[in-house]
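Engineer: Build the 3D model from these lines:
(one chain, ligands or ions: 1)
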Amino acid sequence: MSGRVHVVGAGVAGLAAAVRLAEAGRAVTLYEAAPQAGGRARSYFDQALGCRIDNGNHLLIAGNRSALGFIDAVGARGTLTGPGAPAYPFLDRATGERWTLRFNRGRIPWWMASPARRVPGTNLGDYLKALVLRRARPDDRVVDLLPPGTPIYRRLWQPLAVAALNTPLHEASAVLLARVLAESIGAGGAACTPLVPREGLSETLVDPALTQLRQRGATIRFGVRLRAIEFAAERAMALDFDDGREMLATSDEIVLAVTAPVASRLVPDLVAPDQYCAILNAHYRVAAPDGSPFFVGIIGGTAEWVFRKAGVLSVTVSAADRLLDTPEDELAVTLWRDVAAAYALPVAPVPPVRIVRERRATFAATPEQVARRPGARTRWRNLTLAGDWTNTGLPATLEGAIRSGFAAAQILGAGRRDAVEKSLSGKGFGFKVAPPSQPFEPRLCP
Ligand SMILES: Cc1cc2nc3c(=O)[nH]c(=O)nc-3n(C[C@H](O)[C@H](O)[C@H](O)COP(=O)(O)OP(=O)(O)OC[C@H]3O[C@@H](n4cnc5c(N)ncnc54)[C@H](O)[C@@H]3O)c2cc1C
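Structural biologist: Numbering: from 1, shown residues only. A predicted model of the protein is given here:
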């Protein structure tokens, strides 16, 4: 008989695992150290700004099959919005030039041949050169295969790759970028259609999942931190929380969906990523003009992407370690100049702002760190790992985290193997790449 599944960590990886398992009729207890769920993808009320904001801007695309599968499973598809077309507006701060990258919806990427749709200053050959990524080897860095200094690098590959990998491109893994492109541009333009939460991350990803878990009888416990796992022979025997000990029945199982450093402390001999890159977000309390774009990519500024929300314009800077020590008032002014240019707003006064620096936003997507990603299985029969840092084949993203949660549930017998495997094999024109090696196999947990 199937026992209870103890899912530890209520970020999107843990939520996805819990939802899948509860859907399959398993008894689930979800534990979370924080007072709320969502982990690195959540919304909260900011007292100073007087409104709800997300901890960071998160962009989904229609090709994120696992994330959308999860959002559908919790009945939240209606909470997403977006431009409704695979279109990405850009502003070059150095030249003042504006353009919109417009993918055609189908799999044959004829947009690359259209000067009106592609990036100004590029030609078809520039795009085809990126097919070299299909031959990326584990040690290759992005700049080894996509040489900097070209207009297409500066105006397309750099902004897309830094946002997706959250790592400087002279260090970032070309294999991970190849997989991102295989599941986006390589899957056809429709897959690139951007989607953003209409209200906030919690309203799309977190609250509906908790509601559904409760409806399915799951137990949800907040404010309980797992301090240790007791092991004996091939099994985990007990979970030691800061408020007490949970003995496991013989048929009980664990999905450990905490962050990489916490998992490394809890699981003996676990090798996992241990270097991180920061993300900086600045949320300005200001209304954007009616009809202005959902987001704008900024080339040659300090801000990289600006997102329009209700009463807020939010800036994202990825791989932002260089800005961690910059004083807030300096950042507020510098970033606002970029936002004001993108949304045609006055440069002064600078609106009220909240700056959030997430030092450990994601693991550094370097070849060395990628090699440290463990598979979902461990040497303990009843302990399975999940999280954006496990070996999903993707960078640390919502899509990767949710896929890891689904994979963990699948190992425990919930969910169809073909569904996850299908989403693990990049399909489509051009950027087709092999699925990650052994995504479900035990690795690095000797
Ligand atoms: C600012 C920012 C911007 C981002 N932008 C994007 C984006 O645009 N697109 C995108 O796809 N991704 C983006 N990401 C990445 C994305 O948010 C993460 O990949 C994803 O949320 C990770 O989910 P997770 O469940 O793996 O981990 P987490 O969200 O970190 O969840 C782990 C959970 O475990 C809990 N926990 C930890 N220790 C314990 C313990 N001992 N006991 C119990 N619970 C514990 C934590 O509190 C946490 O809730 C961004 C991340 C940040 C920080």
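Engineer: and His189, how many residues sit next to it?
Structural biologist: Careful, residue 189 is Gly; it's not His. 24 (other C-beta atoms under 10 Å). Where you see a C-beta, it was placed from the backbone N, CA and C, and this is true even at glycine.
Engineer: what about the helix or strand hosting Asp329, distance to the chain center?
Structural biologist: Element membership for Asp329, per DSSP states H and E: helix 328-343. Centroid separation between helix 328-343 and its chain, computed with C-alpha atoms, centre = their mean, to the nearest Å, is 25 Å.
Engineer: which other helices and strands contact it?
Structural biologist: strand 276-285, strand 295-299, strand 305-309, strand 312-317, strand 353-363 (3 or more C-beta pairs under 8 Å, 6 or more residues apart in numbering; DSSP states H and E).
Engineer: And the pLDDT at the residue nearest to Glu234 when sequence neighbours are not counted?
Structural biologist: Spatially, and ignoring its direct neighbours in sequence, Glu234 is nearest to Arg381 (5.1 Å; C-beta to C-beta, 6 or more residues apart in numbering). On pLDDT, Arg381 comes in at 96.
Engineer: Tell me who's in contact with the most centrally placed residue in the chain.
Structural biologist: Ranked by distance to the mean C-alpha position of the chain (C-alpha atoms, centre = their mean), the top residue is Thr397 at 1.7 Å. Thr397 sits next to 164, 362, 388 when contact means C-beta atoms under 8 Å, 6 or more residues apart in numbering.
Engineer: next one: Ala164
Structural biologist: Shown in contact with Ala164 (C-beta under 8 Å, 6+ apart): 176-177, 180, 395, 397.
Engineer: for Arg20, same thing?
Structural biologist: By C-beta under 8 Å, 6+ apart, Arg20 lies in contact with 73, 405-406, 409-410, 414-415.
Engineer: what about 7 Å?
Structural biologist: Taking C-beta atoms under 7 Å, 6 or more residues apart in numbering, we find Arg20 in contact with 405-406, 409, 414-415.
Engineer: what separates the residue lying closest to it once chain neighbours are set aside from Ala76, distance-wise?
Structural biologist: Nearest in space to Arg20, with sequence neighbours left out and distances taken as C-beta to C-beta, 6+ apart, is Ala409 at 3.6 Å. Distance of Ala409 to Ala76, given as C-beta to C-beta, to the nearest Å: 18 Å.
Engineer: More neighbours: these two, which one.
Structural biologist: Ala409 (29 against 21).
Engineer: Next, that one: secondary structure please.
Structural biologist: Look at Ala409: counting by DSSP: H, G, I helix; E, B strand; the rest coil, its state is helix.
Engineer: same deal with Val224?
Structural biologist: Applying three-state DSSP: Val224 is coil.
Engineer: Return the per-residue confidence for it.
Structural biologist: pLDDT at Val224 comes out at 98.
Engineer: isn't it right next to Tyr31, touching?
Structural biologist: Yes - using C-beta atoms under 7 Å, Val224 is in contact with Tyr31, at 5.0 Å.
Engineer: Settle it for me: which of those two has more neighbours?
Structural biologist: Between Val224 and Tyr31, counted using other C-beta under 10 Å, the more crowded position is Tyr31 (24 against 19).
Engineer: In terms of secondary structure, what does the strand or helix carrying that one contact?
Structural biologist: In this structure, Tyr31 is located in strand 28-32 according to DSSP H and E. Where contact means 3 or more C-beta pairs under 7 Å, 6 or more residues apart in numbering; DSSP states H and E, strand 28-32 is packed against strand 5-8, helix 12-23, strand 219-222.
Engineer: Just give the strands next to the first one in its sheet, each with its orientation.
Structural biologist: By that I understand strand 5-8. In the sheet, strand 5-8 lines up against strand 28-32 (parallel), strand 253-256 (parallel) (DSSP bridges).
Engineer: what do you get for the last one?
Structural biologist: In the sheet containing strand 219-222, its partner strands are strand 28-32 (parallel), by DSSP bridges.
Engineer: do the strand it pairs with and the ligand meet at all?
Structural biologist: Yes - applying C-beta under 6 Å from any ligand atom, one finds strand 28-32 touching the ligand at 31-32.
Engineer: Fine, thanks again, bye for now.
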